[in-house]
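> all I have is the shape, not the residue letters:
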């Protein structure tokens, strides 16, 4: 079959060479093109060259790459979620703290206690029973003690962020102070304080000055309550300037949607993926 295939290629090349040689430099170009079409058929794009669609195609390819990366995270997360559910224990009742937010605190425990700094980089990739044993071992440690932040602070944060962001109308009716307080619940947003001399008030001032109120409302409403699928909305808010906000990035976008949704979408920020990588999962790590 291979010899037959290459034989056909050789014949086509020879036919093309014969046509080319039959036209001297004084012939008009379209005569050469006409003879090529007569020999091989018209294989040009039916709609011609779509110059205006170049960026759209690149954006689509980029979004699909992001979708694959996020799905890899989601697959790893669901495996741990299943182990967590099978364990049967909870730090907080579901009606007080949804499982996805309790699990976010579990990942924070992994990151802070076991995977600090760059330790996650040297963790071996695992699978199957080895991976399951490691996760179960860390769950035992997690459930062996109480976590004050989860007990005392997280329920208040859930109430705060849902009060102002749980619907398009609540976002529209919130003022800039209320929106900032709600966004400040996100670890990836609040911990940007370390980059600003003056801490919290400096971050607040810069965020408000860099982003108009209507722009903030528009982007957050789209991210949390838009009509497109949630991965597309996240991808657009991360990579498309039309949906971006100053002073926030990938971790913030994915974390915010994890806090405010009714679709069981987990929180995914830099801490989450580093914890997953420490637990042996082959996920893409970002900050």
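Sure thing, it's come through. Worth saying up front: this structure is predicted, and the values here are computed from it rather than measured.
> please make it C-alpha for all contacts and neighbour counts, starting now.
Fine.
> quick one: low-confidence residue ranges for the stretch 151-287 of the chain.
Applying pLDDT under 70 to the stretch 151-287 of the chain flags residues 190-200.
> make it 80
190-203 (pLDDT under 80).
> what ranges does it have for its helices?
For the stretch 151-287 of the chain, helices defined by DSSP state H, counting those that start in this stretch occupy the ranges 154-165, 168-173, 176-183, 187-190, 200-210, 213-225, 230-239, 250-259, 270-278.
> name the SS class of the residue nearest the centre of the chain, please.
If you average the C-alpha coordinates of the chain and look for the closest C-alpha using CA atoms, centre = their mean, you land on residue 70, 5.1 Å from that point. Here residue 70 takes the helix state, with states given by DSSP: H, G, I helix; E, B strand; the rest coil.
> just give the closest residue to it, not the sequence neighbours.
On the basis of CA to CA, 6 or more residues apart in numbering, the spatially nearest residue to residue 70 that is not a chain neighbour turns out to be residue 231, at 7.8 Å.
> sorry, back to before: if I look at the residue nearest to the centre of the chain, how far off is residue 228?
As defined by CA to CA, to the nearest Å, residue 70 lies at a distance of 16 Å from residue 228.
> swap in residue 189?
As for residue 189, its distance to residue 228 is 24 Å (criterion: CA to CA).
> so for these two, which residue has more residues nearby?
Counting neighbours by other CA atoms under 10 Å for residue 189 and for residue 228 shows that residue 189 has the greater number, 20 against 11.
> closest to residue 110 out of the helices of the stretch 151-287 of the chain?
Between residue 110 and the helices of the stretch 151-287 of the chain, the shortest separation by CA to CA is 5.7 Å, and it involves helix 270-278.
> and that closest one with helix 250-259, angle?
Taking axes from the mean of the first three to the mean of the last three CA atoms, to 10 degrees, one finds helix 270-278 and helix 250-259 inclined to each other by 90 degrees.
> could you point out which element follows the helix or strand harbouring residue 136?
Using DSSP states H and E, residue 136 sits in helix 128-143. Once the chain leaves helix 128-143, the next helix or strand it forms, by DSSP H and E, is helix 148.
> tell me the mean pLDDT for that following helix?
Along helix 148, the predicted local confidence has a mean pLDDT of 96.
> roughly how far out does that helix sit from the chain middle?
How far helix 148 lies from its chain's middle: 30 Å, per CA atoms, centre = their mean, to the nearest Å.
> what does stretch 120-135 give?
On the basis of CA atoms, centre = their mean, the separation between the geometric centre of stretch 120-135 and that of its chain is 23 Å.
> so what would you say the end-to-end distance of it is?
Using CA to CA, the gap from the first to the last residue of stretch 120-135 comes to 14 Å.
> and that stretch, what's buried?
120, 126, 131, 132, 135 (16 or more other CA atoms under 10 Å).
> now do stretch 173-183
Neighbour-count burial for stretch 173-183, counted by 16+ other CA under 10 Å, picks out 174, 176, 178, 179, 180, 181, 182, 183.
> list the residues that contact the closest residue to the first one other than its chain neighbours.
When you say that, I think you mean residue 174. Leaving out its chain neighbours, the residue that sits closest to residue 174 by CA to CA, 6+ apart is residue 164, at 6.3 Å. With CA atoms under 8 Å, 6 or more residues apart in numbering as the criterion, the residues that contact residue 164 are 170, 171, 174, 178, 179, 182.
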